[in-house]
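**Student:** The following block contains a protein sequence and its predicted model.
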Amino acid sequence: MAEPTTVEGRIEHIFTAWDEALGAKDLDAAMALYQPDATLESPLVCYLLGTDEGIVRGRENLRRFVEKVFSHQPANRRRFRGGFLTNGSRLTWEYPRESPEGDQMDIVEMMEIRDGLIAHHRVYWGWLGVGTLAKGDHPR
């Protein structure tokens, strides 16, 4: 597949490629979407890594974290989503709680894109997702 040449094409590529990597649990494909100095912020960082800070810094640390995420997904972590919103440098979408297959973890993804790659990735969790962590229903 040819590299997208427009800002809109690069944003849509990240939106599509991230979902494909998540679905396939393809660590190399996911990491290819991030800048070397990328950061990721999520409550899942604290939960899976046992840290006080929910931030992962740098692609190599991110690789270790995402590998753990891909191997520890609960059943209600599905991938139903609609479209995305962008201003050309930020990409945002929602995995809503209600999906055609029933309730799923409710998450909003926010990515800041620099030079066609993810520079900063923030994940915001809704009440169902937070409850999954609080009850210990998310595998570690």
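**Tutor:** In hand now; what should we look at? From a predicted model like this one, the values you see are computed outputs, not experimental measurements.
**Student:** which residues sit against the host helix or strand of Phe15?
**Tutor:** Assigned by DSSP states H and E, Phe15 belongs to helix 7-24. Applying C-beta atoms under 8 Å, 6 or more residues apart in numbering, the external contacts of helix 7-24 come out as 4, 26-27, 29-30, 32-33, 70, 79, 81, 84, 86, 88, 91, 93, 109, 111, 113, 116-118. Where you see a C-beta, it was placed from the backbone N, CA and C, and this is true even at glycine.
**Student:** Next, count neighbours for Ala32.
**Tutor:** The local packing of Ala32 (other C-beta atoms under 10 Å) involves 12 other residues.
**Student:** picking up where we left off before, for the helix holding Phe15, which residues meet the burial criterion?
**Tutor:** Buried residues in helix 7-24, defined by neighbour count with 16 or more other C-beta atoms under 10 Å: 10-15, 17-18, 21-22.
**Student:** Just give the nearest non-adjacent residue to Tyr124, would you?
**Tutor:** Counting by C-beta to C-beta, 6 or more residues apart in numbering, Tyr124 lies nearest to Val108, which is 4.4 Å off, once chain neighbours are set aside.
**Student:** I'd say that neighbour and Arg97 touch.
**Tutor:** No - counting by C-beta atoms under 8 Å, Val108 does not reach Arg97; the two are 11.2 Å apart.
**Student:** joint contacts of these two?
**Tutor:** Gly126.
**Student:** starting at the chain centroid, how far to stretch 33-41?
**Tutor:** Relative to its chain's centre, stretch 33-41 lies at 11 Å (C-alpha atoms, centre = their mean, to the nearest Å).
**Student:** Show me which residues of that stretch are buried.
**Tutor:** Buried residues in stretch 33-41 (16+ other C-beta under 10 Å): 33-35, 38-41.
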